[in-house]
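J.: Need coordinates for the below:
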Amino acid sequence: MEKISQERKMTGPRTDADPLRVVAAHRDSHSECSRDAFDLKTTTSELQILVHQLERWLKGRKPDRLRYRLSPQDFTKLTGEYEEKLSLETVRYDYYSDTHEFVLLMPTLKHEVVHIGLSRLLLEKTDHLCDTHSVGRPVEPAGRTDIESEQGDVFQPDEQIWCRTAERPGLVLLVGSSHEVKELRRKAFRIIQAGKGQIRLVVTVKLLQDSRVDLTVWRPSLTSDDPPKLTAKHVNQGMRNTNGELVPGAQLEIPMAELAPPKSLPDSLRSETIIITAEELCGIVKHAEDLEKHREDLDKGKVAEELYEDFPTDIECASSPASSFFDFDRAE
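T.: Reported below is the predicted structural model:
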């Protein structure tokens with residue numbers, strides 16, 4: 001995670017309690033941590049619960065819930081004072097400043113394989129196009145670098161493509177499953193707004209339970225108000241239907257003039273378009289699905305015995321040098 005700006009505006013109630021002092025009641029109450037985050041007020045206790053859940057996650061356990069409500073001040077405290085203590089660079093999240101929603105992101109293996117495969121394919125096609133015109137590639141991947149808005153939102157996409165001379169990415173990629181469709185729509189809209197017209201494309205890939213694979217491409221647009229306001233328009237496209245069949249003629253079109261500012265491109269590239277077909281995209285998805293199924297069906301113990309003979313699978317682990325993650329500093 002890139003370092004968060006320390007100049008965010010803080011408008012929440014002042015709280016001086018140390019959130020790392022997680023009370024025993026929070027440690028032992030699963031029901032407290034499982035409550036709907038939106039029924040809770042913006043209090044220090046919510047930050048304490050989140051800190052405890054992050055501590056659990058760092059020890060290899062899944063958090064009890066993914067949504068929390070943090071005041072802007074608590075969010076600044078989390079990403080400032082406690083960023084290194086909690087190893088937040090390894091944690092993926094989004095933060096909505098207007099609703100104070102802090103959302104932990106826990107992508108699946110399928111999710112990760114799809115976005116990595118699609119990102120690589122896009123860059124390979126960009127390289128091929130640039131080689132054809134004998135020019136260098138003008139864009140680079142920037143991964144999950146934070147996208148921040150003026151209002152204090154923080155979003156971590158699956159991938160983003162930056163032009164070397166631009167202040168914002170030209171393209172942002174988001175991948176999600178059936179239960180994340182609404183969240184993808186909201187996140188894509190907010191990222192377009194955060195870009196102030198400089199983020200020209202947000203591509204969302206939806207991996208649906210009924211075998212469908214859908215794409216939505218978002219672009220900035222201006223309203224008819226006087227003066228006009230920034231909004232977002234989108235186009236939906238099916239790539240694979242409920243029978244697992246490719247949608248004829250479906251493809252993702254990415255103009256080079258949207259991937260990077262036209263003035264930063266060689267003349268020969270400005271009118272070019274990168275095309276990713278339904279066959280190519282769904283081939284990546286199928287590979288991800290096969291890999292996930294293989295992992296689920298795998299007899300891990302047997303495979304481990306065959307591949308790692310020098311370490312028996314029933315070996316016991318030695319005691320940790322500290323009883324808690326937060327004791328490591330004192331133990332060194």
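
J.: Report the contact partners of residue 117.
T.: 284, 287, 288 (Cβ atoms under 8 Å, 6 or more residues apart in numbering). In short, each C-beta sits where N, CA and C put it, glycine included.

J.: show me what contacts residue 268?
T.: Taking Cβ under 8 Å, 6+ apart, we find residue 268 in contact with 133, 135.

J.: Quick check: it is in a helix.
T.: Yes: assessed by DSSP: H, G, I helix; E, B strand; the rest coil, residue 268 belongs to a helix.

J.: In strands, which of the contacts of residue 117 fall?
T.: If you go by DSSP state E, the contacts of residue 117 have nothing in strands.

J.: mind listing the helices for this structure?
T.: Shown for the chain, the helices assigned by DSSP state H span residues 24-28, 30-34, 44-58, 72-79, 109-132, 181-194, 256-259, 278-297, 300-307, 328-331.

J.: do you know which of those helices lies nearest residue 64?
T.: Among those, the nearest to residue 64 by Cβ to Cβ is helix 30-34 (3.9 Å).

J.: hmm, back to that, could you dump the helices of the chain into CSV with distance to residue 270 and mean pLDDT added?
T.: Output for these, formatted as CSV (distance: least, Cβ to Cβ, whole Å; pLDDT from 0 to 100):
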stretch, distance to residue 270, mean pLDDT
helix 24-28, 56, 38
helix 30-34, 53, 38
helix 44-58, 46, 86
helix 72-79, 39, 92
helix 109-132, 12, 96
helix 181-194, 22, 95
helix 256-259, 5, 96
helix 278-297, 24, 92
helix 300-307, 51, 59
helix 328-331, 53, 46
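
J.: Which of those helices sits closest to residue 229?
T.: helix 181-194 (9.7 Å).

J.: ok now that closest one, how far from the chain's centre?
T.: 12 Å (Cα atoms, centre = their mean, to the nearest Å).

J.: could you say what helices and strands it packs with?
T.: strand 147-148, strand 154-155, strand 169-177, strand 201-207, strand 213-222, strand 230-240 (3 or more Cβ pairs under 8 Å, 6 or more residues apart in numbering; DSSP states H and E).

J.: would you turn these into CSV with distance to residue 263 and mean neighbour count?
T.: Formatted as CSV, these follow (distance: least, Cβ to Cβ, whole Å; neighbours: other Cβ atoms under 10 Å):
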stretch, distance to residue 263, mean neighbour count
strand 147-148, 22, 20
strand 154-155, 27, 22
strand 169-177, 13, 24
strand 201-207, 17, 23
strand 213-222, 17, 18
strand 230-240, 21, 15
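
J.: Out of the ones you listed, flag the one nearest residue 262.
T.: In terms of Cβ to Cβ, the element of those nearest to residue 262 is strand 169-177, at 10.5 Å.

J.: what about residue 120, distance to residue 102?
T.: In this structure, residue 120 and residue 102 are 31 Å apart, going by Cβ to Cβ, to the nearest Å.

J.: The two: who's more crowded?
T.: Set side by side, residue 120 and residue 102 show more neighbours around residue 102, with 23 against 13, by other Cβ atoms under 10 Å.

J.: What residues are bridge-paired with that one?
T.: Judged by DSSP bridges, the bridge partners of residue 102 are residue 68, residue 95.

J.: thought it was touching residue 69?
T.: Yes: because the distance of 7.0 Å satisfies Cβ atoms under 8 Å, residue 102 is recorded as touching residue 69.

J.: returning to that earlier point: quick one: closest of the helices and strands packed on helix 181-194 to residue 264.
T.: Between residue 264 and the helices and strands packed on helix 181-194, the tightest spacing by Cβ to Cβ is seen for strand 169-177, at 9.6 Å.

J.: Could you point out which residue ranges in the stretch 151-300 of the chain have low pLDDT?
T.: Flagging of the stretch 151-300 of the chain using pLDDT under 70 yields the residue ranges 298-300.

J.: sorry, back to before: rebuild the helices of the chain as CSV, extending it with distance to residue 155.
T.: Below are the helices of the chain laid out as CSV (distance: least, Cβ to Cβ, whole Å):
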stretch, distance to residue 155
helix 24-28, 28
helix 30-34, 24
helix 44-58, 18
helix 72-79, 13
helix 109-132, 15
helix 181-194, 6
helix 256-259, 19
helix 278-297, 23
helix 300-307, 35
helix 328-331, 31
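
J.: Nearest to residue 246, out of those helices?
T.: helix 278-297 (4.6 Å).

J.: Could you check that closest one and say which residues are buried?
T.: 278, 280, 281, 282, 284, 285, 288, 289, 292 (16 or more other Cβ atoms under 10 Å).

J.: now residue 224: how far from residue 189?
T.: As judged by Cβ to Cβ, residue 224 and residue 189 stand 18 Å apart.

J.: which one of these two has more residues nearby?
T.: Shown here are residue 224 and residue 189; by other Cβ under 10 Å, residue 189 has more neighbours (15 against 6).

J.: The more buried one against residue 232, yeah?
T.: Yes: here residue 189 reaches residue 232: they are 5.0 Å apart, a contact under Cβ under 8 Å.

J.: Which residues are in contact with each of the two?
T.: Shared contacts of residue 189 and residue 232, defined by Cβ under 8 Å, 6+ apart, are found at residue 218.
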